[in-house]
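Asks: fold the following for me, if possible:
(one chain, ligands or ions: 2)
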Amino acid sequence: MNRPAIKVALTAIAVMIVLQLVGGVLFLASGSYNIAADEPHLKPTRWLLQAGRTRAVEFRSRGMYVPNLRDPSLVKHGLRLYRKNCQPCHGGPGAANEQIGRGIDPKPPPLVIASNKWNDSELFWIISHGLKLSGMPGFAPRLSETDRWGIVAFLHRVVLLSPTDYKQLTTAEDLGVEDSSLPWISSNDYGFAQLKAQGNANRGRELIQTYGCTTCHTVAGLGAAAVGPPLTRFAERQYVAGSLVNVPSNAVAWITNPQQFKPKTAMPNLNVPPAEALDMIAYLYTSGSSERLTALERSSGIPKAKSTAKVNK
Ligand code: HEC
Ligand code: HEC
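Replies: Ligands and ions are numbered 1, 2, ... in the order given. So this is what the prediction gives:
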């Protein structure tokens with residue numbers, strides 16, 4: 001290309017950029033961009049914001065010092081702050097969000113699931129600074145550092161609380177009860193160790209067919225039926241039968257005898273021995289993303305080797 005041609009091309013590009021900027025400003029000024037908070041972002045906008053957000057939070061929260069989050073008084077402090085500051089928008093186990101949390105888009109997700117995808121320092125960062133271009137406020141101006149870590153400690157705990165457990169803790173908090181037997185922290189491993197050591201997914205797959213579970217349930221790779229809830233993406237489900245936290249020990253207990261939890265449930269007692277139920281769970285847990293289970297395994301039980309205070313990566 002000769003020089004005048006390059007000059008023309010560059011000028012054309014510059015003019016196009018200016019026109020686009022002017023167009024964008026005019027579009028905004030015209031009022032036709034829908035700024036309404038109760039209208040979802042366009043799909044590509046939402047995707048871009050989410051991807052950028054995850055990277056930004058990871059990057060900015062790196063290397064932060066994390067205090068001991070298994071201190072019962074910190075968890076208790078966190079519960080009080082959670083109910084006041086977060087529950088109105090995010091709800092809690094068995095507790096709906098309030099009116100204020102309903103007109104926002106993107107919707108405030110239930111934190112019993114959403115907090116699993118962030119580690120402790122990332123949660124602390126989000127609570128401190130909020131998330132731009134969404135209704136998630138930053139709390140650093142209002143809550144002390146200890147307060148914010150208290151909320152993180154509680155989020156660690158809440159992912160393993162059933163609606164009944166949550167009610168018990170909130171009631172104790174309301175009444176100012178000092179009872180050391182209350183489950184502020186947990187030293188239960190919820191059957192994760194046994195699942196790892198003994199659960200056999202291949203055998204579970206066969207057993208699910210032998211017992212005829214697929215006559216009532218849609219099971220990934222095995223068949224479709226609509227009497228009971230679909231067991232697809234089962235690893236991502238937070239509650240079993242809407243009442244027990246979905247962890248290996250509870251899921252096994254449900255399959256072996258559903259009536260012990262819900263006397264009137266339509267799921268029959270098929271006299272499945274616990275060892276076979278464990279295999280079935282091993283298979284069902286291959287269905288869906290394992291993110292939730294991995295995070296719960298980390299949150300549960302007796303602190304590993306050193307302490308849970310170390311940043312989980
Ligand atoms: C005014 C309503 C509101 C309040 C109050 C609020 N949030 Fe949020 N929060 C949101 C919204 C809306 C989002 C969704 C942002 C998105 O998906 O873009 C969100 C997102 C989050 C996320 C990220 C979830 C995800 O999908 O990864 C976390 C973690 C979170 N909030 C924690 C908290 C905590 C802890 C509190 C209390 C200290 C709190 N929020 C208070 C509205 C709120
Ligand atoms: C006759 C129909 C029927 C059969 C057979 C059956 N179920 Fe169910 N199952 C149900 C119903 C109905 C529910 C919903 C229970 C409720 O919420 O009260 C359920 C719930 C469940 C749940 C909890 C799902 C959730 O996320 O809430 C699991 C897990 C489950 N069944 C596994 C099994 C397995 C494994 C078998 C085979 C051993 C089986 N079911 C056989 C009807 C059946």
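Asks: number of nearby residues for the residue lying closest to residue 72 once chain neighbours are set aside?
Replies: Distances taken as CB to CB, 6 or more residues apart in numbering put residue 184 closest to residue 72, at 3.9 Å, once the chain neighbours are dropped. Backbone N, C-alpha and C define where each C-beta goes, glycine included. Applying other CB atoms under 10 Å, we find 21 residues neighbouring residue 184.
Asks: likewise the one 4 residues further on?
Replies: When neighbours are defined as other CB under 10 Å, residue 188 has 13 of them.
Asks: surely it and residue 299 touch.
Replies: No. In this structure residue 188 lies outside contact range of residue 299 using CB atoms under 8 Å: 11.0 Å.
Asks: where does the protein have low pLDDT?
Replies: 1, 302-313 (pLDDT under 70).
Asks: max-length helix in it?
Replies: helix 3-30 (DSSP state H).
Asks: is any part of the helix or strand that comes right after it close to ligand 1?
Replies: Remark: after helix 3-30, the chain's next helix or strand is helix 43-60, criterion DSSP states H and E. No. Using CB under 6 Å from any ligand atom, helix 43-60 stays clear of ligand 1, with a minimum separation of 6.6 Å.
Asks: got it, and stretch 108-116?
Replies: Yes. Contact check for stretch 108-116 against ligand 1, using CB under 6 Å from any ligand atom: residues in range are 108-109, 111, 114-115.
Asks: list the contacts for residue 171?
Replies: Shown in contact with residue 171 (CB atoms under 8 Å, 6 or more residues apart in numbering): residue 177.
Asks: residue 266 now?
Replies: By CB under 8 Å, 6+ apart, the neighbours of residue 266 are 227-228.
Asks: sec struct for it, please.
Replies: coil (DSSP: H, G, I helix; E, B strand; the rest coil).
Asks: which parts of the protein are strands?
Replies: For the chain, the strands defined by DSSP state E cover 239-240, 244-245.
Asks: could you pull out the buried residues of stretch 225-235?
Replies: 228, 231-232, 234-235 (16 or more other CB atoms under 10 Å).
Asks: can you give the contact residues for that stretch?
Replies: 213-220, 246, 266-267, 284-290, 292-293.
Asks: so which of those belong to helices?
Replies: Using DSSP H, those in helices are 284, 292-293.
Asks: which one (most neighbours) among those?
Replies: Neighbour max across the ones in helices among the contacts of stretch 225-235 (other CB under 10 Å) = residue 284, 26 neighbours.
Asks: give me the buried subset of the residues of stretch 108-116 next to ligand 1.
Replies: Buried among the residues of stretch 108-116 next to ligand 1 (16+ other CB under 10 Å): 108, 111, 114-115.
Asks: quick check, nearest of the ones in helices among the contacts of stretch 225-235 to residue 173?
Replies: residue 292 (26.3 Å; CB to CB).
Asks: find the nearest non-adjacent residue to the closest one, please.
Replies: Counting by CB to CB, 6+ apart, the residue nearest residue 292 is residue 116, at 4.9 Å.
Asks: wait, doesn't that neighbour sit right on residue 158?
Replies: No. The pair residue 116 / residue 158 is not scored as a contact, 10.6 Å apart, by CB under 8 Å.
Asks: okay, those two: which has more neighbours?
Replies: The neighbour comparison of residue 116 against residue 158 (other CB under 10 Å) goes to residue 158, with 25 against 21.
Asks: list the contacts of the residue most central in space within the chain.
Replies: The structure's the chain has its C-alpha centroid closest to residue 113; by CA atoms, centre = their mean the separation is 1.8 Å. Residue 113 makes contact with 159, 236, 238, 292, according to CB under 8 Å, 6+ apart.
Asks: so which of the residues you listed belong to helices?
Replies: Going by DSSP H, the helices hold residue 292 from these.
Asks: quick check: the two most widely separated of the contacts of residue 113?
Replies: Among those, 159 and 236 lie farthest apart (CB to CB), at 12.7 Å.
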